[in-house]
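Engineer: Have a look; sequence and predicted model below, questions after that.
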Amino acid sequence: MLPTIADILALEPVRRGNPRVVAGADRLDTRVRWVHVGEVTDIAQLLRGGELVLTTGVALPDDPRKLIDYVGALAEVGASGLIVELGRRFIGELPALVVAAAEEQGLPLVTLARETPFVQITESVHARIIDIQLEELRASEHLHEVFTELSVEGASPAEVLGQVARISGKPALLENLAHQVLACESAGRDTGTLLATWETRSRAVAPAERTAYDATSGWLVAMVGARGQDWGRLILFCDERPGPRDIVLAERAATTLALGRLLERHQRSLERQAHGSIITGILTHAYADPEEAAARARAVGVPLTGRKLVSVVLRLTESGGTALDGQAQLGDLAEAAAGACRDVRLPALVGSLDEDRVAVLLPLPPRGVAEAALTALAERLRIAFNPAFVLAAGSTVESIKDVRRSFLEAEQVADVAVRRPDGRVFYRMTDLRLRGLLHLLRDDARLQTFAERELAALLAHDAQRGGDLTRILRVYLDAGRNKAVAAQRAHLSRPAFYDRLRRLERILDTDLDDVDSCLSLHVALLALESFRRAPH
């Protein structure tokens, strides 16, 4: 840390000059970047800020206004202070107007009553500055080594904060952008006190820069993120204004945390890709020998041989706002599914099938119960993943060569269940009943012909006149032909609803009180729904 004016005044070469602070006594903690000797009036244009200027004043003007301008120029350029040796230009003391100008401008002004070789002062101060810079360079190198090692080892946020607290001696904390604490190292202080009313206190601290000190709270705040996407803040609790070493420490730790998250996401992405490739290979018969698939699965830690195999397909009930949002959500669902499998101790292959579905291949012990495993997985996943989804399972099979059949069944179940989820923990083919059968037969020309024959006149009527009689028919049949209930669900008065039923009977040329006719129409409507929502 650079020396202050107070530190320089304590040096032996300066003390021999009998220094006296005549202005800016409250600014002696100003840091000095360099010492500059100058005997010219326009010295300010040679400075860059942070310099302590030494002068005898022999070249300074007699005009009081020009003396004031001289002091103002030094203050404006950001000089740390001014030391004037008395005896050559000014005898005994400086002019009162110079002292007043320095006080007004906030420029520390010091006089030396005795003649002092300026070279001794500059050598002493510069040696100290260089020693400090070397020390900071060594510290920076040490920080680089420490945090590089943490990055390579994939250290957790808690381990990174532990090093920050150990090096700085200060508490350190990591929070997300919702001001929720992700990790905290109290450095011996009371954790409860540090975290009391955390969210309220944290929201009040919003520095404009990526790394900045907030004097009110005493926090050094560094944003954590990479590739333009910030996701958290690292906070170092400081009792006083932090020095350059603390700032470097906070920034280096923030970089390590950001890199660690990128590496973690990359690693998880690679794992999902590896699992997804094995599943796709099984489904597309890419492996000539099922043993090859088993060997590849064993290599990623998932044993398939000698196990009961259950295929699972996960689908989001509502996708994101854009295609990219939907893909991101599906990726998060795959990661959450993998984490849920680990939590319930079920080794599994987990990967994305396409842009809509996540596949899970569960190998269960010979005596394992599929329903219990599926329930545990679904319940754990719903805790870990907020967006709504359906979990569909295929039949339990005994060998890898039958996995494809099980997955196809799970896909079909998921395609139906995602349209009208009813809150089940998981879905199987037996849960879908007639709707599931119609979905399986949706590509059959005979079913398409049947639906067309039953509903063609009604669909044509609605298309030509912009009507909603198809919806009215569906409401009536879903209500079990209870006209009062159906009218209420359709938000129509009973007379109005009865009038629409009579129009339906004329258009369809059928009796809507006849059970067989209504059953036939209901099946046709379900089939139509299957056609319209089938993926291209």
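Structural biologist: Sure thing, it's come through.
Engineer: you'd agree Thr55 is up against Arg88?
Structural biologist: No - judged on CB atoms under 8 Å, Thr55 makes no contact with Arg88 at a distance of 9.6 Å. Bear in mind the C-beta positions are built from the backbone N, C-alpha and C, glycine included.
Engineer: Please say which of the two ends up with more neighbours.
Structural biologist: More crowded of Thr55 and Arg88, by other CB atoms under 10 Å: Thr55, with 21 against 13.
Engineer: who touches that one in this structure?
Structural biologist: Neighbour list for Thr55: 37-39, 43, 82-85 [criterion: CB atoms under 8 Å, 6 or more residues apart in numbering].
Engineer: Cross the residues you listed against strands and list the overlap.
Structural biologist: 37, 82-85 (DSSP state E).
Engineer: Next up, phi/psi of Ala392, please.
Structural biologist: phi -110, psi 140 (degrees, to the nearest 10).
Engineer: how about it, what does it touch?
Structural biologist: Going by CB under 8 Å, 6+ apart, Ala392 touches 312-315, 410-411, 413-414, 417, 426-428.
Engineer: Which one of these is nearest to Ser493?
Structural biologist: Ala417 (35.5 Å; CB to CB).
Engineer: Let me know the pLDDT of that closest one.
Structural biologist: For Ala417, the pLDDT comes out at 81.
Engineer: number of nearby residues for it?
Structural biologist: 25.
Engineer: And for Glu135?
Structural biologist: 12.
Engineer: quick one: buried residues of the helix or strand encompassing it?
Structural biologist: Per DSSP states H and E, Glu135 falls inside helix 118-153. Using 16 or more other CB atoms under 10 Å as the test for burial, helix 118-153 gives 118, 121-122, 124-125, 128-129, 136, 143, 146-147, 150-151.
Engineer: same deal with stretch 72-92?
Structural biologist: Buried residues in stretch 72-92 (16+ other CB under 10 Å): 72-75, 77, 79-86, 89-90.
Engineer: Longest helix in the chain, please.
Structural biologist: Criterion DSSP state H: the longest helix present in the chain is helix 244-283.
Engineer: what about the stretch 351-500 of the chain, any weak spots by pLDDT?
Structural biologist: Residues of the stretch 351-500 of the chain meeting the criterion pLDDT under 70: 431-443.
Engineer: can you give me the strands in it?
Structural biologist: Along the stretch 351-500 of the chain, the stretches classed as strands by DSSP state E, counting those that start in this stretch are 357-364, 389-397.
Engineer: From the chain's centroid, how far away is whatever helix or strand Ile507 lives in?
Structural biologist: Assigned by DSSP H and E, Ile507 falls within helix 494-508. Distance, stretch centre to chain centre, for helix 494-508: 56 Å (CA atoms, centre = their mean, to the nearest Å).
Engineer: Could you pull out the buried residues of it?
Structural biologist: For helix 494-508, using 16+ other CB under 10 Å, the buried residues are 497, 500-501, 504, 507-508.
Engineer: and if you look at stretch 450-460?
Structural biologist: 450-451, 454-455, 458-459.
Engineer: can you check stretch 484-492 too?
Structural biologist: For stretch 484-492, a neighbour-count test (16+ other CB under 10 Å) marks 486-487, 490, 492 as buried.
Engineer: In helices only, show me those.
Structural biologist: Reading helices off the buried residues of stretch 484-492 with DSSP H, I get 486-487.
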